[in-house]
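> Please find the sequence and the predicted model below.
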Amino acid sequence: MSERFSGLKKVPDHPAARLLAAANAKLATTLKSPANAPVSVVLEELESNGDWVDMLRLISVSLPPRECVWWACLAGRDVLGEQDVTTCLKAAETWVFEPSEDNRSKVQIALETVDVDDDTTLCATAALYAPGTLGPGSLAEHTAPAGAVSSTCFGMNIMALDFLKLPIAEAADRLIDRGVDIARGGNGQSAKMKES
């Protein structure tokens, strides 16, 4: 087994298939790994096949919600490039650093008043649903849709592929390595990933 996917201490100790099912997601690839294979084994198999979209999908269901939102926020910054940080991205990042109900309310306000050109609404949507409910206040009485966080974070990373100005496989590797770093307890911004 390679070292690329070792030490994923933030990933729950469940089979990859179980995490995918819980998020109402599935991979396009037919796996040879057993049904009880952990995330690291499945990522390695997907890597050997060059199935980077499925690798991104599996990372999105494997990261805990808050870490997954951070992964999406980093992709949001890729999408924005040199543009100013949007209201949605700023609200989502603020919630990641301090996941309070007050900051979650600010995420909701950002989504309700979003500019039509804001490409980072997926980050804010993920932050809004990350605690497992539809939002703060009375919305907290209702469960968020299964897989809402992972789907929005996956979508943000897929969107970032176009904006990294790298060959597609290299861009995917950067996003995958970022997710793996976060899964290890890092911040997703290692020196290797900062290089353009």
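Sure, I can see it.

> For the chain, which segments are assigned as strands?
For the chain, applying DSSP state E gives no strands.

> For it, give me the ranges with low pLDDT.
Residues of the chain that meet the criterion pLDDT under 70 lie in 1, 190-196.

> Quickly note the distance from the closest residue to F154 other than its chain neighbours to L111.
Distances taken as Cβ to Cβ, 6 or more residues apart in numbering place S60 nearest to F154, at 3.8 Å, with adjacent residues excluded. Backbone N, C-alpha and C define where each C-beta goes, glycine included. Distance, S60 to L111, using Cβ to Cβ, to the nearest Å: 20 Å.

> One more: G76?
Remark: distance between G76 and L111 (Cβ to Cβ) = 14 Å.

> the more surrounded of the two?
G76 (31 against 19; other Cβ atoms under 10 Å).

> give me the number of residues near the closest residue to the more buried one other than its chain neighbours?
Using Cβ to Cβ, 6+ apart and skipping the chain neighbours, the partner closest in space to G76 is T120 (4.1 Å). Neighbour count of T120, defined by other Cβ under 10 Å: 28.

> just F5 next, same as before
Neighbours around F5, by other Cβ under 10 Å: 23.

> Repeat that for M159.
Neighbours of M159 (other Cβ under 10 Å): 17.

> That one against L122, yeah?
Yes: assessed by Cβ atoms under 8 Å, M159 is found in contact with L122 at 7.4 Å.

> and the gap between the residue of the chain most remote from its centre and Q108?
Relative to the centre of the chain, and counting by Cα atoms, centre = their mean, the farthest-placed residue is S138 at 26.4 Å. Here the criterion is Cβ to Cβ. By it, S138 lies 12 Å from Q108.

> Same check on R57?
If you measure R57 against Q108 using Cβ to Cβ, the figure is 27 Å.

> and if you look at S48?
Distance from S48 to Q108, counting by Cβ to Cβ: 42 Å.

> before we move on, what about G147?
For G147, the distance to Q108 equals 20 Å [Cβ to Cβ].

> count of residues packed around K9?
Considering only other Cβ under 10 Å, K9 is surrounded by 8 other residues.

> can you give me phi and psi for the closest residue in space to it that isn't next to it in sequence?
Excluding its sequence neighbours, the residue lying closest to K9 (Cβ to Cβ, 6+ apart) is G185, at 5.6 Å. For G185, the backbone dihedrals (degrees, to the nearest 10) come out as phi 100, psi 10.

> Quick check: G185 vs V11, distance?
G185 is 11 Å from V11, by Cβ to Cβ.
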